[in-house]
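Visitor: how would this look folded up:
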Amino acid sequence: MQRCLALIILFEYNPNGTDADYIKDSIHQYRNLSSSAFHRSFERDKDVLRSIGFVINYINDKSSLESGYKLTGTNIWKDIQHDQGENSFEFLTTFLYFKNIINFYKLAMEFYSIQYKP
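Guide: Residues are numbered from 1 along each chain as shown. Below you'll find the model as predicted:
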């Protein structure tokens with residue numbers, strides 16, 4: 001969750017996008033990871049963000065020689081920030097926490113139904 005919040009903040013300060021090296025160097029949880037471990041973690045974090053309305057796209061604009069990742073879906077976040085004020089990060093943290101609990105219970109129920117079929 002901390003990485004996801006850090007990604008949102010990073011893109012908030014870099015609205016035109018950024019490259020993978022900058023992301024890896026800027027977020028301390030990514031810094032000491034190998035290249036492949038970073039990409040796996042980054043892909044998982046992108047999936048989490050996508051599940052709550054944020055999408056990180058890779059932009060490769062050949063006409064301007066600019067390429068990198070850009071965050072979209074921030075209108076939802078801006079609405080939450082406006083409505084919740086300083087509590088917006090608390091809201092997001094709580095949302096992700098409950099989402100993880102729900103997913104855990106779903107997995108537990110699936111496991112239970114597989115293990116104890118009548």
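
Visitor: only C-alpha atoms for contact and neighbour calcs from this point on.
Guide: OK.

Visitor: Now do the phi/psi pair for Leu96.
Guide: phi -70, psi -40 (degrees, to the nearest 10).

Visitor: roughly how far apart are it and Asp25?
Guide: 25 Å (CA to CA, to the nearest Å).

Visitor: what about this structure, any weak spots by pLDDT?
Guide: 61-66, 74-82, 84-88, 111-118 (pLDDT under 70).

Visitor: Where do the helices of it begin and end?
Guide: 2-13, 20-26, 28-31, 35-51, 74-84, 88-115 (DSSP state H).

Visitor: closest to Ser67 out of the ones you listed?
Guide: Ranking these by proximity to Ser67 (CA to CA) places helix 20-26 first, at 10.0 Å.

Visitor: Need the CA coordinates for that closest one. PDB is fine.
Guide: Taking Å, rounded to 0.1, in the frame of the first residue of the first chain, the C-alpha atoms of helix 20-26 are listed here in PDB:
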ATOM      1  CA  ALA A  20      10.900   3.400 -15.000                       C
ATOM      2  CA  ASP A  21      14.400   4.300 -13.800                       C
ATOM      3  CA  TYR A  22      13.100   7.500 -12.100                       C
ATOM      4  CA  ILE A  23      10.200   5.600 -10.500                       C
ATOM      5  CA  LYS A  24      12.700   2.900  -9.200                       C
ATOM      6  CA  ASP A  25      15.100   5.600  -7.800                       C
ATOM      7  CA  SER A  26      12.300   7.800  -6.300                       C
END
